[in-house]
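Q: fold the stuff below for me.
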Amino acid sequence: MSIPVRIGENLYESARIEARIEHRTIAGQIEFWAKVGRAAIDNPDLPVSFIVDALASMAEPREQAEPFVPRSRQG
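A: Prediction:
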């Protein structure tokens, strides 16, 4: 479902630049920022970088996921 939303030119331009870098659409970039912001508000004790990494990880296809190996078991 698509709903038109008005946003400021500065936010749009920032989203356009970041979307190109992150290989997202402009709308997808703004949605990602909204998800990060919401997760940060819901989890104030977590670093934002952790939230970004967790959301990116959840978006990856499962068949491309690498199994978790605890450091105590690594070479």
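
Q: going forward, measure contacts and count neighbours with C-alpha atoms only.
A: OK.

Q: helices of this structure, start to end?
A: Along the chain, the segments classed as helices by DSSP state H run 9-22, 26-42, 48-59.

Q: relative to helix 9-22, how tilted is the second one?
A: Read that as helix 26-42. 100 degrees (axes from the mean of the first three to the mean of the last three CA atoms, to 10 degrees).

Q: for helix 26-42, buried residues please.
A: 26, 29-30, 32, 36, 39-40 (16 or more other CA atoms under 10 Å).

Q: for these, work out which two are farthest apart.
A: Ile26 and Ala40 (21.1 Å; CA to CA).

Q: for Ala54, give its distance to Asp45.
A: Shown here: Ala54 relative to Asp45, a distance of 14 Å by CA to CA, to the nearest Å.

Q: by mean pLDDT, flag the weakest helix or strand of the chain.
A: Within the chain, confidence by mean pLDDT, DSSP states H and E is lowest for helix 48-59 among all helices and strands, at a mean of 90.

Q: so how far is that helix from its chain's centroid?
A: 6 Å (CA atoms, centre = their mean, to the nearest Å).
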